[in-house]
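K.L.:
sequence below, structure please.
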Amino acid sequence: MQAPDLEQKSIGDRIAAIAKTLPASVKLVAVSKYANVAAIREAYAAGIRDFGESKVQDTQKKQQELQDLKDITWHMIGHLQSNKARAAIQCFDWIHSVDRVSLAQQIDRIATETGKSPNICLQVKLVTDPQKNGWHESELMLDLPAIKQCKNLRVLGLMTILPLELDEAAASAVFLKVRQLAEKLNLEGFADLKHLSMGMSSDYGIAIKSGATIVRIGNLIFG
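P.N.:
Model prediction:
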């Protein structure tokens, strides 16, 4: 899959070029964490409704300026600190980066209190990378009983971010492992776990071939 050329002149042109490469079954999340409100509006005008942010406070500020755009879906894709969990639940529809059992339990408690329960992805790290957060497979399997006890946690998928140095074959192998882990979790009782949030600007084509249902693209859209 050939990535679109960044020389496309406008955000709208870039989105149109990316859209041509995506199957209908794959959701595009525009990673807007470094984009200003004007750029987000341009992406919205080009048809984007899903935006990815990594900081709660920055997202709150943007939401204040974008209140007229009622149908935006906000995705938390960055590491979530425990002290930001309550605010994150209030402003995000999806949290892709639930990377530890204590955070899952905290979100569950807040959801019970507030009645607001975002869609959740469990972040996994299937190759060693000190720069990334997430469960190794063995750790996740040990934590499954505790996660199952979280009755208000809407676990709908897995998320992963690859190490930077992987070549195409290695990247494909890791993405396939994530898909296989999702299949394993389905057998463990997570019947709603139907999404794989994996693939970014540099590797989303590989991710899609491996089963991604959500890709998170920033640089190819916003530069």
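K.L.:
residues contacting the closest residue to Ser210 other than its chain neighbours?
P.N.:
Spatially, and ignoring its direct neighbours in sequence, Ser210 is nearest to Phe175 (3.5 Å; Cβ to Cβ, 6 or more residues apart in numbering). Quick note: C-beta positions are derived from backbone N, CA and C, even for glycine. Phe175 makes contacts with Thr160, Leu162, Leu196, Met198, Gly199, Ile206, Ala207, Lys209, Ser210, Gly211, Ala212, as judged by Cβ atoms under 8 Å, 6 or more residues apart in numbering.
K.L.:
out of those, which are inside strands?
P.N.:
When those are checked against strands (DSSP state E), the matches are Leu196.
K.L.:
measure the residue nearest to Ser210 to Met159 for me?
P.N.:
Using Cβ to Cβ, to the nearest Å, Phe175 is found at 12 Å from Met159.
K.L.:
which residues do the two both contact?
P.N.:
Here Phe175 and Met159 have Leu196, Met198 as joint contacts, going by Cβ under 8 Å, 6+ apart.
K.L.:
confidence score at the residue nearest in space to the middle of the chain?
P.N.:
The residue lying closest to the centre of the chain (Cα atoms, centre = their mean) is His96, at 4.2 Å. In this model, His96 is scored at 98, pLDDT.
K.L.:
who's in contact with it?
P.N.:
Applying Cβ under 8 Å, 6+ apart, the residues contacting His96 are Gly52, His75, Met76, Ile77, Cys121, Gln123, Gly157, Met159, Ser197, Ile214, Arg216.
K.L.:
now intersect the residues you listed with the strands, please.
P.N.:
Those of the contacts of His96 mapping onto strands are Gly52, His75, Met76, Cys121, Gln123, Gly157, Met159, Ser197, Ile214, Arg216, per DSSP E.
K.L.:
so how far is stretch 34-46 from its chain's centroid?
P.N.:
Stretch 34-46 sits 19 Å away from the centroid of its parent chain (Cα atoms, centre = their mean, to the nearest Å).
K.L.:
what mean pLDDT does it have?
P.N.:
Averaging the model's pLDDT scores along stretch 34-46 yields 98.
K.L.:
any buried residues in it, and which?
P.N.:
Using 16 or more other Cβ atoms under 10 Å as the test for burial, stretch 34-46 gives Ala35, Ala39, Ile40, Arg41, Glu42, Ala43, Tyr44, Ala46.
K.L.:
so Gln64: helix, strand or coil?
P.N.:
Here Gln64 is helix, with the state taken from DSSP: H, G, I helix; E, B strand; the rest coil.
K.L.:
residues in contact with it?
P.N.:
Not one residue lies near Gln64 by Cβ under 8 Å, 6+ apart.
K.L.:
out of all of them, which helix in this structure is the longest?
P.N.:
helix 168-187 (DSSP state H).
K.L.:
next one: that one to chain centre, how far?
P.N.:
Offset of helix 168-187 from its chain centre (Cα atoms, centre = their mean): 16 Å.
K.L.:
picking that back up, among the contacts of His96, which one sits closest to Gly12?
P.N.:
Closest approach between these and Gly12, by Cβ to Cβ: Gly52, at 18.4 Å.
K.L.:
in contact with the closest one, which residues?
P.N.:
Applying Cβ under 8 Å, 6+ apart to Gly52 gives the contacts Val29, Ala30, Val31, Ser32, Lys33, His75, Met76, Ile77, His96, Arg216, Gly218.
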